[in-house]
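In: How does the following fold in three dimensions:
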Amino acid sequence: MAIVEWKKDGTVAVIMMNNGENRQNLEFAKAMQQTIDDIMTDAEIHAVVLTSSDDGCWSLGVDIDWLGIQMQNQAFGNIKDFMYGMNTVFKKLLTLPVPVIAAINGHAFGNGAILSCACDFRFMKADRGYFCFPEVDMGIPFLPGMIAFVRKAIPEYKFNELKLTGKKAGASELGISHVIQKVCPDAALLMEESLAFARAFQKKRGIFGAHKQRMHRRILEIMETQDPEYIDSLNLMVLD
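Out: Residues are numbered from 1 along each chain as shown. You can find the predicted model right below:
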């Protein structure tokens, strides 16, 4: 089974992350990019739902074990390729000419929570799963571009709280803050509601893409002009 794959459900492309905790590494970044590109070759697709095949985890963020091996082997090029690769994934989602709905069916931590914020809408099940930015406790800062597009998904007061405390938030709390479009009781209803919402979109790609490009222009500029300073110098590692 591929670590990322997709299937067509009418006019909706369902992307399934299949690697258990769905830790993000260079292979994951490449697989996500290829999957998104493959979906866009099908002109009948008018929406995307991004979810996980694991009952407990949507994505637990960066693959720390993989990152540690790269550091030990001084394979800094792989780390940079991974960071740029994930930025490419984020930019593709931010500019995709169809809506992207994150169907969060388990824990979304760190880069996993950030990945969901690159999507246009978030649905989340209430019976299991937390949303968390643990970077403040791990000593890892966000890239400027991450801060910029997370702010489009999370109200400033809530982002300030989540980012600086590292607290875990459940679906109901996130629903109150409108981080989550809809809180669903369980996994079955999560997919049912996410797909129903996705199927309602029949927008023309040209106008939808133009709206997203213009809405996120400043975010994309930050990712292009500010992020390389930190990625190229690897100024994104653990800080005291």
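In: What strand or helix carries residue 8?
Out: strand 4-9 (DSSP states H and E).
In: Note down every partner strand of that strand and its orientation.
Out: Applying DSSP bridges, strand 4-9 is found paired with strand 12-17 (antiparallel).
In: For the helix or strand of the chain with the lowest mean pLDDT, give me every contacting residue.
Out: In the chain, no helix or strand scores lower on mean pLDDT, DSSP states H and E than helix 135-138, which sits at a mean of 92. Residues from elsewhere that reach helix 135-138 (CB atoms under 8 Å, 6 or more residues apart in numbering): 110, 141-142, 163-166, 238. The way it works is simple: take the backbone N, C-alpha and C, and place the C-beta from them, glycine included.
In: Below-threshold pLDDT in the protein: ranges please.
Out: Residues of the chain that meet the criterion pLDDT under 70 lie in 235-240.
In: Pull out the buried residues from stretch 213-225.
Out: Going by neighbour count (16 or more other CB atoms under 10 Å), the buried part of stretch 213-225 is 216, 219-220, 222-223.
In: whoops, stretch 153-170 was the one
Out: 153-154, 158-159, 161-163, 166, 169-170.
In: ditto for stretch 93-103
Out: 93-103.
In: and the strand holding residue 8, how far from the chain's centre?
Out: Computed by CA atoms, centre = their mean, to the nearest Å, the chain-centroid distance of strand 4-9 equals 17 Å.
In: Just the closest of the buried residues of stretch 93-103 to residue 209, please.
Out: Distance to residue 209 across the buried residues of stretch 93-103 (CB to CB) is lowest for residue 97, with 3.0 Å.
In: quick one on the thing from earlier: from the buried residues of stretch 93-103, which is closest to residue 181?
Out: Taking the buried residues of stretch 93-103 together and measuring to residue 181 by CB to CB, the closest member is residue 101, at 7.7 Å.
In: Mind listing the residues bridging to the closest one?
Out: Counting by DSSP bridges, the residues bridging with residue 101 are residue 49, residue 121.
In: residue contacts, it?
Out: Going by CB under 8 Å, 6+ apart, residue 101 touches 47-50, 119-123, 181, 194, 197-198.
In: From residue 72, how far out is it?
Out: 38 Å (CB to CB, to the nearest Å).
In: which residues touch residue 94?
Out: Shown in contact with residue 94 (CB under 8 Å, 6+ apart): 118, 149, 212, 216, 219-220.
In: circling back: inside helices: which ones of the buried residues of stretch 213-225?
Out: Counting by DSSP state H, the buried residues of stretch 213-225 place 219-220, 222-223 in helices.
In: I figured residue 7 hits residue 18, correct?
Out: No - using CB atoms under 8 Å, residue 7 makes no contact with residue 18, being 11.7 Å away.
In: which residue sits closest to residue 64, ignoring its sequence neighbours?
Out: residue 23 (7.5 Å; CB to CB, 6 or more residues apart in numbering).
In: Send me the lengthiest helix in the chain as CSV with only the CA atoms.
Out: Determined from DSSP H, the single longest helix within the chain is helix 76-95. Extracted C-alpha coordinates of helix 76-95, given in CSV (Å, rounded to 0.1, in the frame of the first residue of the first chain):
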residue,chain,number,x,y,z
PHE,A,76,21.7,18.2,5.4
GLY,A,77,20.7,18.2,1.8
ASN,A,78,17.9,15.7,2.5
ILE,A,79,16.6,17.9,5.3
LYS,A,80,16.5,21.0,3.1
ASP,A,81,14.8,19.0,0.3
PHE,A,82,12.2,17.8,2.9
MET,A,83,11.5,21.3,4.1
TYR,A,84,11.3,22.7,0.6
GLY,A,85,9.2,19.7,-0.4
MET,A,86,6.7,20.3,2.4
ASN,A,87,6.5,23.9,1.5
THR,A,88,5.7,22.9,-2.1
VAL,A,89,2.9,20.7,-0.7
PHE,A,90,1.6,23.6,1.3
LYS,A,91,1.7,25.9,-1.7
LYS,A,92,-0.1,23.4,-3.9
LEU,A,93,-2.9,23.2,-1.4
LEU,A,94,-3.1,26.9,-0.9
THR,A,95,-3.4,27.5,-4.6
